[in-house]
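Provided below are the primary sequence and the corresponding predicted coordinates.
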Amino acid sequence: MTFAERVYEVTALIPEGHVTSYGAIARALGAPRSARMVGWALNNSPHDRDLPAHRVVNRVGILTGAIHFGPPDEMRHRLEVEGVTFIDEITVDMKAHFWDPADDPRVDEFFQFLES
DNA sequence: AGTTTGACAGTAT
DNA sequence: GATACTGCCAAAC
C-alpha cells in the first residue's frame, strides 16, 4: 500500500461538518514531515472514489485546494452545506471544526489492519 | 538513477 | 503581523 493510498483511507474518515489539515494527516500516517506529500496525493486522488477531499484545508484554514474543484466556490459551498462556518470568504473556522485524525480510534484500527 | 514537482509547515526576518 | 526562506519526500518521467 502506497503513501497516497493511506492518505485516501484517512481522508475518507473525516466526519461531515469537520475539516483537517495536510500536516495532521501526515502526522497520523507517521510521516510528520510530509505534509506536502499529502497535498501531492490528493492532487492525484482518484475521481471514482467519492473522497471528501474538500474537508482537507491547510493549517490556517484556507482552502488552498479550491482551484481543483472546478467552479471557484465549489469547495467552500460543499463545506457550507455540511455546516462548516467561515471566518471570511476563504477561511474555515478551524477552532470550531478541526478534526485530528490521530484522535479518532478508527485511524488506529486502520493501522492495526495494515499490520495484519 | 537523476530531476522535477507540489492542494504544506515551521522558522526566521 | 506578513512575507521569505527552507526542509520535506513520494511519484512520475
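Structure's in. What do you need? Just so it is clear, the model here is predicted, and its values are computed rather than measured.

need the longest helix for chain A.
Identified as the longest helix of chain A according to DSSP state H is helix A:105-115.

which helices and strands does that one pack with?
helix A:3-11 (3 or more CB pairs under 8 Å, 6 or more residues apart in numbering; DSSP states H and E). Using the backbone N, CA and C atoms, a C-beta is placed for each residue, glycine as well.

do the helix it packs on and DNA strand C meet?
Yes - interface with DNA strand C: helix A:3-11 contributes A:3, A:4, A:5 (CB under 7 Å from any atom of the strand).

how far off centre is that helix?
10 Å (CA atoms, centre = their mean, to the nearest Å).

now do that helix: which elements does it pack against?
Counting contacts by 3+ CB pairs under 8 Å, 6+ apart, helix A:3-11 packs against helix A:22-28, helix A:35-43, helix A:105-115.

how about 10 Å then?
Under the contact definition 3 or more CB pairs under 10 Å, 6 or more residues apart in numbering; DSSP states H and E, helix A:3-11 sits against helix A:22-28, helix A:35-43, strand A:56-57, helix A:105-115.

tell me if that helix is near DNA strand B.
No - if you take CB under 7 Å from any atom of the strand as the test, helix A:3-11 misses DNA strand B, and the best it gets is 8.9 Å.

next one: stretch A:13-26
Yes - judged by CB under 7 Å from any atom of the strand, stretch A:13-26 comes into contact with DNA strand B through A:21, A:22, A:23, A:24, A:26.

my guess is the second one meets residue A:31, correct?
No - taking contact to mean CB atoms under 10 Å, the distance of 11.2 Å between residue A:22 and residue A:31 leaves them out of contact.

between these two, who's got more neighbours?
More neighbours surround residue A:22 than the other of residue A:22 and residue A:31, with 23 against 15 (other CB atoms under 10 Å).
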